[in-house]
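In: prediction below, plus the sequence it came from.
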Amino acid sequence: MSGRDKQGNSGGGGGRVGVKSGRSAGSAPSAKGKGGKPQQQQQQRRKTTREVALDTLLKVAEAGAYSNLQLNRALQDAQLSRPDAGLATELVYGTIQHQRLLDERLSELVTKGFNKLTPWVLVLLRMSAYQLLMLDRIPAHAAVNEAVVIAKRRGHSGISGMVNGVLRNMERNLAEMRKPLEITDPVKRIGITYSYPDWLVKRWIGTYGEAVTEQICAAGNEPPHNSVRVNPLRLSRDKAAAMLTEGSGGEAIVEASKLSAHALIVSGVGNVAGTDGYRTGLWSLQDESSMLVAEVCAPKPGMKVLDCCAAPGGKTTHLAELMEDRGQVIANDVHPHKKQLIEEQAARLGLTSVQAVTGDAAELASQFEPGSFDVVLLDAPCSGFGVIRRKPEIKWTKSAEDVHAIAALQEQLMDEAAKLVRLGGTLVYSTCTIEREENESQVAKFLERHPAYKLDAEWPEQMLRPLQEAHAIAEPFSGMVQLLPQQFGSDGFFIARLTRHS
Ligand SMILES: C[S@@+](CC[C@H](N)C(=O)[O-])C[C@H]1O[C@@H](n2cnc3c(N)ncnc32)[C@H](O)[C@@H]1O
């Protein structure tokens, strides 16, 4: 197994700022341990990088927190240096991503009661095993020593002794422990090697076959790249690329996206949301697949558009940009507190055609006149398996029943959205998942219920070409696409375009 401690970022915050420096990896804790210090002084001790990561992992495991949000909060509170924040990010994502494999290896060494370990001890062991087994740049002795220091601070000597024993044993047998597992059953082999639950692997093998499932699972463990959506009302993509490069002192690598004409893939810029260009509305942070959605909607200036599930407003604002901010984009979300998020994004980008509203998308036809919109976008709530790179914990928190339940909600929302499209108008349905039940099957069932609608395969040529080249769509093109994370390194996304013809 090779180290995955490379440069990478997350668009959704908590970006992996890279684990470049050995300093952060092997550094000693920044404050002294217990040693009889007064309680108050101990409370003020700043957390070490690994403690920040450990506490974040515990919140995700025990309180069901989202890793990206929890990590962002923890990094803000801890005020770590950039390399240390990068290491904490790596430890949090890597430990969750590889949890099953780490547990498999650890259970070989914790001879008694692996399943009964106290949560913080289990998480500490996982996080340390991740460093030993997967990160080449962290010296093994540093990973073990730091784990033992934390164990001593938090537990009695029996626990720190056990942590020390297990990790030293792993260190001694590293070459053996890093070897690929020899398992013949494909579900178990893929499930343990890439750390996914069996039920999910089995389901994907049924849909995509063994080879593609393995690619999907491997891609889900890669750090996501940062992609920037350039605001075409303000500047060209070339100009934005030049500004991003210049702003980074020449360190940034900025490439044009293959998928979207408005996207740039960037690395070495640090936090894109902290750039002047972001603050002043020259660009937004959005995954490339996600950008395709508004492009598939293809709204024209002056149109009336409804975004049924709009927060935080990524696609809403893209729609308004494509409409040159002329016409009306109604951006609805069920949660009242999210209205402000949409308004903030529109204001940042200087867009005045966006109107944020609050409502249940299952009841929108009672709020707006049926048949009154040129374009209706339903970017539906979904299982989210296309964004496992950004939220790896969903591998462990979602179940087959959840997929089924969310598919039932999507069906209801699609039926409601269908009422609002004018004759000749467009309905776009999208999800950030790769589950057939929520995607292709959902659309097939919709078409059976709604003979007034047909799939529309008339997508712009420049949009179809890269999809054809990557064999992401079948020939002849049907009007819907399932993007998988390994095809372009983007999020897994599903998009279908339908036209109301009667
Ligand atoms: C996939 S996210 C939308 C992302 C958004 N389109 C963007 O590009 O930024 C789904 C959204 O649906 C909202 N949602 C969930 N159930 C809803 C419902 N019944 N009605 C309206 N919005 C809903 C959630 O609050 C969430 O913000």
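Out: Arrived safely. Numbering: from 1, shown residues only.
In: from now on I want contacts and neighbour counts done on CA atoms only, so please keep to that.
Out: Will do.
In: burial count for L109?
Out: The burial count assigned to L109 is 15, neighbours taken as other CA atoms under 10 Å.
In: pLDDT wise, what is it at?
Out: The model reports L109 with a pLDDT of 95.
In: same question, V187
Out: 98.
In: contact partners of the strand or helix carrying it?
Out: In this assignment (DSSP states H and E), V187 forms part of helix 186-193. Contacting residues not belonging to helix 186-193 are listed as 100-101, 104, 180-183, 196-198, 201-202, 205, 210, 214, 217 [CA atoms under 8 Å, 6 or more residues apart in numbering].
In: quick one: low-confidence parts of the chain?
Out: 1-44 (pLDDT under 70).
In: contact residues of it facing the ligand?
Out: The chain comes close to the ligand at residues 308-315, 333-335, 360-362, 379-381, as judged by CA under 6 Å from any ligand atom.
In: among these, which are in helices?
Out: Among the residues of the chain next to the ligand, DSSP state H puts 314-315 in helices.
In: any of the contacts of helix 186-193 buried? List them.
Out: 100-101, 196-198, 201-202, 205, 210, 214, 217 (16 or more other CA atoms under 10 Å).
In: for the residues you listed, which one is nearest the ligand?
Out: Distance to the ligand across the buried ones among the contacts of helix 186-193 (CA to the nearest ligand atom) is lowest for C217, with 21.3 Å.
In: what helix or strand is the closest one on?
Out: helix 210-219.
In: by how many degrees do that helix and helix 186-193 diverge?
Out: 10 degrees (axes from the mean of the first three to the mean of the last three CA atoms, to 10 degrees).
In: can you pull the buried residues of helix 210-219?
Out: For helix 210-219, burial by neighbour count (16+ other CA under 10 Å) applies to 210, 213-219.
In: ok, now stretch 418-426?
Out: For stretch 418-426, the neighbour count (16+ other CA under 10 Å) marks 418-423, 425-426 as buried.
In: any chance of those in JSON lines, plus secondary structure?
Out: Converted to JSON lines, the buried residues of stretch 418-426 look like this (DSSP: H, G, I helix; E, B strand; the rest coil):
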{"residue": "A418", "secondary structure": "helix"}
{"residue": "K419", "secondary structure": "helix"}
{"residue": "L420", "secondary structure": "coil"}
{"residue": "V421", "secondary structure": "strand"}
{"residue": "R422", "secondary structure": "strand"}
{"residue": "L423", "secondary structure": "strand"}
{"residue": "G425", "secondary structure": "strand"}
{"residue": "T426", "secondary structure": "strand"}
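In: would you mind giving these as JSON lines with distance to L292 added?
Out: Compiled in JSON lines, those are given as follows (distance: CA to CA, whole Å):
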{"residue": "A418", "distance to L292": "21"}
{"residue": "K419", "distance to L292": "24"}
{"residue": "L420", "distance to L292": "22"}
{"residue": "V421", "distance to L292": "20"}
{"residue": "R422", "distance to L292": "23"}
{"residue": "L423", "distance to L292": "24"}
{"residue": "G425", "distance to L292": "19"}
{"residue": "T426", "distance to L292": "15"}
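In: what kind of secondary structure is the most centrally placed residue in the chain in?
Out: Geometric centre of the chain, nearest residue: R390, 2.5 Å, by CA atoms, centre = their mean. Following three-state DSSP, R390 is assigned to coil.
In: pull the CA atoms of stretch 94-110 into PDB?
Out: C-alpha atoms of stretch 94-110 as PDB (Å, rounded to 0.1, in the frame of the first residue of the first chain):
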ATOM      1  CA  GLY A  94      -8.100   8.600   5.700                       C
ATOM      2  CA  THR A  95      -9.100   6.900   9.000                       C
ATOM      3  CA  ILE A  96     -12.800   7.000   8.100                       C
ATOM      4  CA  GLN A  97     -12.100   6.000   4.500                       C
ATOM      5  CA  HIS A  98     -10.100   2.900   5.400                       C
ATOM      6  CA  GLN A  99     -11.900   2.000   8.600                       C
ATOM      7  CA  ARG A 100     -12.800  -1.600   7.600                       C
ATOM      8  CA  LEU A 101      -9.300  -2.500   6.500                       C
ATOM      9  CA  LEU A 102      -7.800  -0.900   9.600                       C
ATOM     10  CA  ASP A 103     -10.100  -2.800  11.800                       C
ATOM     11  CA  GLU A 104      -9.300  -6.000  10.000                       C
ATOM     12  CA  ARG A 105      -5.600  -5.500  10.600                       C
ATOM     13  CA  LEU A 106      -6.000  -4.300  14.200                       C
ATOM     14  CA  SER A 107      -8.300  -7.200  15.200                       C
ATOM     15  CA  GLU A 108      -5.400  -9.500  14.300                       C
ATOM     16  CA  LEU A 109      -3.300  -7.800  17.000                       C
ATOM     17  CA  VAL A 110      -5.800  -7.000  19.700                       C
END
